[in-house]
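[1] Pasted the sequence and its predicted model underneath.
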Amino acid sequence: MTATPSAPSAGTASGTWSAPGRVNLVGDHTDYNDGLALPCALPFRTTVHAHAVETGERVLRASSAGHDDLEVALPGAPGEVAGWGAYVAGTAWALEHSDLLGGRPVPSAELRVSGDVPLGAGLSSSHALQCAVALALCGLAGVDDPDRDALVEVVRRVENDYVGAPTGTLDQSAILHGRTDHLLLFDARSGEVDPVPAPFDAAGAALVVVDSRAPHRLTDGAYAERREQCARAAQALGLAALRDLDVDGLPAAAEALVGLDDGEVLLRRARHVVTEDARVRAVVDLLRDGRREAVAAVGPELTASHLSLRDDFESSVPEVDLVVDTLLEVGALGARMTGGGFGGSVVALVPLDRLPALAPALGAATAGAGHPTPEVHVVRPADGARRDG
Ligand code: GAF
């Protein structure tokens, strides 16, 4: 789904752009293995009010409640800014090094950032910020409809080369291509995004996101370690990526990996990725079928994904496991951690008549375990990043 980029115009003096957070229904830790995922954009957005400024020096200023103000000379360089401002400054830096602005520099600008994407909840608040800032700076430079696939790459560079987070392309693809009431079948190898209906109503169920409010732990190190293990497993198996292994190939892979020092760990990582790709395909088929029984059958696939992430990929934490277990006890059709893990949120399909029971059950279970009180959001897939005014 490649947008035709618009030709640069004279630019705009000011405007408002926004980008949503995302939740991934199924398909985690597959993107950097060239695999499949099924995310959607969320009805929470980060908004950037931007205006061009005339100054002698090229400068980018940004402010947001609860964060230090940013002022940085353009185009900037990795390492100059850390924390929240790195996502803003890094976006300007990566845009300047892309072809998106048709050879023009990033314009001097002042950005006011606000929004309601939950922070630190694993719902991609930082990617929402980067996508909204990227659209705003493109708009100020006169590129109103930038090529969204090129923007995916710009955000990857911000993350990997400016911020130093070795993430893949799932989050920004969901945010940039989001569509109301649709999930998005994302193929990380081709970058293609294919809208899939989300007929949860047909099963009398709702899509629910629960922020465990567990502090993210070890996120950078553990994520990078998983990524490195997957790459090593693929290399040992003579594959370009774990995407190229399928479930039938797992017994032979086990034999090939068993001789390595950490072969048993690599096999479990590979098994997660391979079975997760298969679960994405299965869930897409069920949703496209659309009948009540088919949609209800998505639930067990979600729960199987959680067990795989918990046991084979070891990317869950006790707080998140307790939220999943409690949701299932209350009657969810299925539930799983979502996103990178090591804290963060759970996504679930919950029968409409069970919704009122969620918050009390989660409150009681987490209080008993001494965990933070989770936050429950009933959501519908929302529109992607856009200009608002
Ligand atoms: C994080 C990363 F940013 C994504 O690229 C993806 O790997 C995800 O974790 C796990 O599926 O959100």
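    Cool, got the structure.
[2] Angles on the backbone of the closest residue to residue 182 other than its chain neighbours, please.
    Distances taken as C-beta to C-beta, 6 or more residues apart in numbering put residue 195 closest to residue 182, at 4.2 Å, once the chain neighbours are dropped. Every C-beta, even on glycine, is put in place using the N, C-alpha and C of the backbone. For residue 195, the backbone dihedrals (degrees, to the nearest 10) come out as phi -60, psi 140.
[3] just residue 346 next, same as before
    phi -120, psi 140.
[4] Distance from the chain centre to the lengthiest helix in the chain, please.
    If you go by DSSP state H, the chain has its longest helix at helix 263-289. Relative to its chain's centre, helix 263-289 lies at 18 Å (C-alpha atoms, centre = their mean, to the nearest Å).
[5] counting contacts, what elements does it pack onto?
    strand 36-37, strand 182-187, strand 193-197, helix 219-236, helix 250-257, helix 292-296, helix 298-307 (3 or more C-beta pairs under 8 Å, 6 or more residues apart in numbering; DSSP states H and E).
[6] May I see the buried residues of the fifth one?
    Spelled out, that is helix 250-257. 253, 256, 257 (16 or more other C-beta atoms under 10 Å).
[7] Among the residues you listed, which one sits closest to residue 131?
    Comparing the buried residues of helix 250-257 against residue 131 with C-beta to C-beta picks out residue 253 as the nearest, at 36.4 Å.
[8] Where does residue 48 sit: helix, strand or coil?
    Put simply, residue 48 is strand when judged by DSSP: H, G, I helix; E, B strand; the rest coil.
[9] Please report how far it lies from residue 215.
    Distance check for residue 48 against residue 215: by C-beta to C-beta, to the nearest Å, it reads 27 Å.
[10] same thing with residue 352?
    Taking C-beta to C-beta, one finds residue 352 at 32 Å from residue 215.
[11] More neighbours: residue 48 and residue 215, which one.
    residue 48 (29 against 13; other C-beta atoms under 10 Å).
[12] my guess is the more buried one meets residue 134, correct?
    No - contact criterion C-beta atoms under 8 Å: residue 48 and residue 134 do not qualify, at 9.5 Å.
[13] near the ligand, which residues of this protein?
    28, 29, 31, 32, 167, 168, 170, 171, 339, 340 (C-beta under 6 Å from any ligand atom).
[14] From residue 272, how far out is the third one?
    Look at residue 31 and residue 272: by C-beta to C-beta, they are 13 Å apart.
[15] Just want to know which of these two has more residues nearby.
    Just comparing residue 31 and residue 272: by other C-beta under 10 Å the higher neighbour count belongs to residue 272, 27 against 24.
[16] Now do the contacts for the residue nearest to residue 182.
    If a contact means C-beta atoms under 8 Å, 6 or more residues apart in numbering, then residue 195 has 179, 182, 183, 184, 185 as its contacts.
[17] returning to what we had before: could you dump the buried residues of helix 250-257 to a markdown table with pLDDT?
    Shown next, in a markdown table, are those (pLDDT from 0 to 100):
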| residue | pLDDT |
| --- | --- |
| 253 | 98 |
| 256 | 97 |
| 257 | 97 |
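[18] so can I have CSV of the residues you listed showing distance to residue 126?
    Formatted as CSV, the entries for the buried residues of helix 250-257 read as follows, by distance: C-beta to C-beta, whole Å:
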residue, distance to residue 126
253, 34
256, 37
257, 34
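[19] so which of those residues comes closest to the ligand?
    Closest approach between those and the ligand, by C-beta to the nearest ligand atom: residue 253, at 21.1 Å.
[20] Spit out the contact partners of the closest one.
    Neighbours of residue 253 in contact, by C-beta under 8 Å, 6+ apart: 233, 237, 245, 267, 270.
[21] Okay then, goodbye and thanks.
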